[in-house]
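> okay, here's the prediction I keep looking at, along with the sequence it came from:
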Amino acid sequence: MTTTTLGDLLARADHLCRELRDNPDPVPLKAWESFDATAYLLMRELVGPARAGSRAVALSHAALCRVLDAYPAPLRGAATGPVGAREAAHLLGRPRSAVIAKIRQGQIPATWDGRQYLVDLTNLPNRDDVRPADPRNPEPLSRLSCTLGVAADLIVQNRGQLTRDVDAWALSPDSATAPVLARVVGIVHVAAAHAVRVGPLSDVDRPLAAARYCAKALDALGDVRHGSPLLATASFAPPSNPVSLNERLESALRAWVTAAQVELNRTVPSTDVIRNVMNQGTHLYAVSARLFDAAEGARELGGDIAAGAREHLSTAMKELSRADRLWGSVTTAMQPSHEYIAAARELHAALTETTHDGLRAYDVNEITEHLDIGQALADLRYAARDVADMVRDVQHLPDQLLRSGVLFAPASKLPPSVTRLHDRATGRYVSIRPNEMAELANTARSATRASDLAVGKVDTTILQGKDLVVMGISAALTARVPEL
Amino acid sequence: MNTTSECPQLLQLAAEHLTAAADHAEANAYGDLTSPWLSLAGQIRLIAGGVGPVCDTEPVMPRPFGVQDHLDAALTALDSMPSGSGPPDLVVWAWRVADLRSLVTAWTGQP
């Protein structure tokens, strides 16, 4: 499985923190500094630059910036990229006015983006000896550093997706960031407290300062026990040379989602692509429902857990199919791209092979023989969410395309009018008027609601399934504990 | 015969055959949303949209080998355009139609 989320990475970091508690080995200064620099990098990527805009937004963000600014003189081993004068001053341990004066004198190279000076971190004095942790190092603190480093990379590479997820939850970016930041600060607190506890005494100054900072920062962040959509944002690294069916399915799903998002973001998207997104969505939901059957048959899901998900998937399939047909009655006269067609064909092949041998449907045993169902369901779950996001985006398209006059249909299939007499007689396509396609917009909205509900149910079902597996493991562990 | 001037008509003809093939594939699913025919119909329609994005056809009556026949006819129309006279990616569209035709052949066991 090559898919992970920020939530998965922080769960792994929590687990490593627990491992640290039982580790009596002293923490070398180099290992601490590497962790320290990486943790700060993650916190900086989470908080982001200072914001302008409305007063309320600036004030809300200022609270998180203050927490970050209080970090004790950050080390900058692995950090790169531009920072504002405020952060440059923080990194150099100098007043902001002094840094701006040096920029104006040309002593610190900087650029002006119209609002503020931007200083490239590589132009500031650096601690070259602070290197990222070695991923091969088995020590818990090194593994923790690597985990936080991957989390920072995930945030940088998926910033667009993070913004979309936060918008979908109707939260302010800072409300979504605060719980995650608190969790990272908690992890740094545990690591720092551990480093102080195990020594060596000569190297505890920096961890001690970090531990004190973390205690204050956690209090400053306040009660942030609510969830965050940032934790669910996934990062994918599908295999480049897929061999097994699971690998081919994962690879095909990611390639198709990427190609579909590109196509739907075109100024005027192709209606053939929109139809195909609905069609592939129907296929993907059908395969998911079948795999729930197979998982129940293989006892990977207990009882009737998946019944609700199957029902919602079936409703979503019907709505997507309706939307597919209605989009077929109009056109933007745009061609689908070759890249999209290739990705769609790969996905069609992978999805079909998952549940069918040609036209013959596999029985449950045959599916479990050639597929890791848990992994396939996890991959399909993320793709189903992507389908729901795309369907949600598509629901606005009828209105936009109609108002722009770029949605066409045969004149013979539209309400007759004097201006269209000639077009009807000659079989021409004409631009559809905004009031002539109310059904398309309504169906697009129904499809959005149905796919959102289905995805929510699929998420719950898979998470319940995971809980059952965890409970099974716990039961096995309990059974091995000798009686007192 | 001026084949160059016939190209748009041949492309339109190919697109119409592909749309008809997709309709036959959908009819083969008999309303079953889990049928492989339905997803195949989506693939055929996508290629029809690439060959001719503006294409209106009448509903079809399902019949045996309707999908293969129309895919064959679309392929014949695309292949009848002389090299260099159609769109530059003509050979790619023909290849995609041939790919789907082999898939249908494998599914139905008909050569």
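Cool, the structure landed. Residues are numbered from 1 along each chain as shown, chains lettered A, B, ... in the order given.
> wait, what's in contact with residue A:159?
If you count contacts by C-beta atoms under 8 Å, 6 or more residues apart in numbering or on different chains, residue A:159 has none. Just so you know, the C-beta spots here come from the backbone N, C-alpha and C atoms, and that holds for glycine as well.
> what residues does chain B put near chain A?
Neighbours of chain A within chain B, by C-beta under 8 Å from any C-beta of the partner chain: B:33-34, B:36-43, B:45-50, B:53-54, B:56, B:89, B:92, B:96, B:99, B:106-108.
> any of those buried? List them.
Neighbour counting with 16 or more other C-beta atoms under 10 Å in any protein chain shown marks B:33-34, B:36-43, B:45-50, B:53-54, B:96, B:107 as buried within the residues of chain B next to chain A.
> got the contact list for residue A:334?
By C-beta under 8 Å, 6+ apart, the contact list for residue A:334 reads A:266, A:268-271, B:53.
> and stretch A:4-11, what's buried?
Residues A:4-10 are the ones in stretch A:4-11 that count as buried (16+ other C-beta under 10 Å).
> please identify the buried residues of the top helix by length along chain B?
Counting by DSSP state H, the longest helix found in chain B is helix B:3-28. Neighbour counts using 16+ other C-beta under 10 Å place B:6-7, B:10-11, B:13-28 of helix B:3-28 among the buried residues.
> only whichever of the contacts of residue A:334 are buried, select them in PyMOL.
Buried subset of the contacts of residue A:334, written as a PyMOL selection, criterion 16+ other C-beta under 10 Å:
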select buried, (chain A and resi 269+270+271) or (chain B and resi 53)
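> just the contacts of residue A:334: which are in helices?
Of the contacts of residue A:334, the ones assigned to helices by DSSP H are residue A:271.
> dump the contacts of residue A:334 to CSV, plus distance to residue A:222 and pLDDT.
Shown next, in CSV, are those (distance: C-beta to C-beta, whole Å; pLDDT from 0 to 100):
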residue, distance to residue A:222, pLDDT
A:266, 44, 93
A:268, 47, 95
A:269, 44, 96
A:270, 49, 96
A:271, 49, 96
B:53, 55, 83
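> closest to residue A:464 out of the contacts of residue A:334?
Among the contacts of residue A:334, residue A:269 lies closest to residue A:464 (C-beta to C-beta), at 36.5 Å.
> which ones are touching the closest one?
A:263, A:332, A:334, A:397.
> distance of it relative to chain B?
Computed as C-beta to the nearest C-beta, to the nearest Å, the residue A:269 to chain B distance reads 11 Å.
> number of nearby residues for residue A:422?
10 (other C-beta atoms under 10 Å in any protein chain shown).
> return the per-residue confidence for it.
Note on residue A:422: pLDDT of 87.
> spatially nearest residue to it, not counting backbone neighbours?
For residue A:422, ignoring the flanking residues on the chain, the nearest one in space by C-beta to C-beta, 6 or more residues apart in numbering or on different chains is residue A:428 at 7.9 Å.
> do the same with residue A:144
With C-beta to C-beta, 6+ apart as the criterion, residue A:144 has its nearest non-adjacent residue at 4.5 Å, and that residue is residue A:16.
> contacting residues for the residue nearest the centre of chain B?
Geometric centre of chain B, nearest residue: residue B:18, 2.5 Å, by C-alpha atoms, centre = their mean. When contacts are counted by C-beta under 8 Å, 6+ apart, residue B:18 is found next to B:44-45, B:47-48, B:51, B:70-71, B:74, B:97.
> where do the strands of the stretch 51-200 of chain A begin and end?
For the stretch 51-200 of chain A, strands defined by DSSP state E, counting those that start in this stretch occupy the ranges A:82-84, A:111-112, A:117-120.
> my bad, the stretch 251-400 of chain A
Along the stretch 251-400 of chain A, the segments classed as strands by DSSP E, counting those that start in this stretch run A:356-357, A:360-361.
> give me whichever of these is most buried.
strand A:356-357 (a mean of 16; mean count of other C-beta atoms under 10 Å in any protein chain shown).
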